[in-house]
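**Student:** I would like to see how this sequence folds:
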Amino acid sequence: MQTLNHNQQLPIYTLEPDEIAGNKNFRLYQFEGTLPNQSELLIPHRKNHYLIVLIRKANSRQWIDMTPYILKDNTVYFSGPSHIIVKEGFKQLWSTGIAFTKEFLSLQENASLSKLPLIQNPHNGHELTLTTADLDFVEDILAKINVEYQSQSEWQQRMLTAYLTVLLTYLSRLYIEQFKGGDHSADKLLLKSFQAKINECYRELREVSDYASLLNISAGHLSELVKIQSGKPAIKHIHERLILEAQRLLFHTNHALKEIAFDLGFSDTSYFNRFFKRETGLTPSAYRASIRKMYH
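**Tutor:** Next up is the predicted model:
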């Protein structure tokens, strides 16, 4: 189902329950040489859920934010609610996908899953390469999830949670290996918490002190910690998140600069123009023209 959030300016596709499980927060997708949903093709959109997909064969392209991915065989792709997706092509698809919402992750038995690297995605990655052993493991877990998904037993929810925990933990290990992460110190985790808060509140909160209050520490301590852990001032993280969203909207929509500025919390278009140029070296109009020329 497509909805339009006035703050997002892009359609948001919600997770629709299927006839098998009827679960509005968890769904399994199977494609066996079938065509993808044509209503989503070539339409920039967000989803209100996380999506983990094992592509067995696709031979098509999709965009996640401003990065194009030629879908590779036997590869895992993943995205979350904040990402903008554009699907291209009408080619046949062989894949298994698992979709689940923030509400699913907020359940008490699933709370730990939201902290996994694959879900937090600190490196903003979307593709995991699998070895033969990895592929065998993932296929085995997906087969087990499918069996439970088809069943109607009273243990279904617990079994699905257990298998999903194993799958996401395994993929998170691959994520760390492939994206060279792995520092889980208290200071690094606080940096991740700061970045997560920015992702939630960047439209409304622009000051480091605002986020320090949310994290229950002093602004000075937060600034010092963030600079040490990331090499960048805390305010730079806030500005970069604003710029990322501005770039997404400039690339994926035809909305006027005034609309984009308002959506991002700027009351004055000229201030938005100055802010964008200061951070990127280009005006919003020049960026839109250059990025579209590059990818078309």
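**Student:** Please parse this protein into its domains.
**Tutor:** Following automatic domain parsing, one finds the domains of the chain at 2-179, 186-295.
**Student:** tell me the mean pLDDT over the shortest one?
**Tutor:** By that I understand domain 186-295. Taken as a whole, domain 186-295 has an average pLDDT of 91.
**Student:** Equivalent analysis for the longest one, please.
**Tutor:** Throughout domain 2-179, pLDDT has a mean value of 87.
**Student:** quick one on the thing from earlier: will you turn the domains of the chain into JSON lines that also has mean neighbour count?
**Tutor:** For glycine as for every other residue, the C-beta is placed from the backbone atoms N, C-alpha and C. Listed next are the domains of the chain as JSON lines, based on neighbours: other CB atoms under 10 Å:
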{"stretch": "domain 2-179", "mean neighbour count": "16"}
{"stretch": "domain 186-295", "mean neighbour count": "16"}
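**Student:** Just give me how far the host helix or strand of Arg27 sits from the chain centre.
**Tutor:** Following DSSP states H and E, one finds Arg27 within strand 26-34. Centre-to-centre, strand 26-34 and its host chain are 20 Å apart (CA atoms, centre = their mean, to the nearest Å).
**Student:** Restrict that strand to CA atoms and write it as PDB.
**Tutor:** Extracted in PDB, the C-alpha atoms of strand 26-34 (Å, rounded to 0.1, in the frame of the first residue of the first chain):
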ATOM      1  CA  PHE A  26       6.600  -9.500   9.300                       C
ATOM      2  CA  ARG A  27       6.400 -11.100   5.800                       C
ATOM      3  CA  LEU A  28       8.200 -13.600   3.700                       C
ATOM      4  CA  TYR A  29       8.400 -13.000  -0.100                       C
ATOM      5  CA  GLN A  30       9.200 -15.700  -2.600                       C
ATOM      6  CA  PHE A  31       9.900 -15.000  -6.300                       C
ATOM      7  CA  GLU A  32      10.400 -18.000  -8.600                       C
ATOM      8  CA  GLY A  33      10.900 -16.600 -12.100                       C
ATOM      9  CA  THR A  34       8.100 -14.100 -11.500                       C
END
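**Student:** chain center to whichever helix or strand comes after that strand: distance?
**Tutor:** Next along the chain after strand 26-34, taking DSSP H and E as the criterion, comes strand 46-47. Distance, stretch centre to chain centre, for strand 46-47: 9 Å (CA atoms, centre = their mean).
**Student:** In three-state terms, label Thr96 for me.
**Tutor:** Under the three-state scheme (DSSP: H, G, I helix; E, B strand; the rest coil), Thr96 adopts strand.
**Student:** ditto for His83
**Tutor:** Quick answer, by three-state DSSP: His83 is coil.
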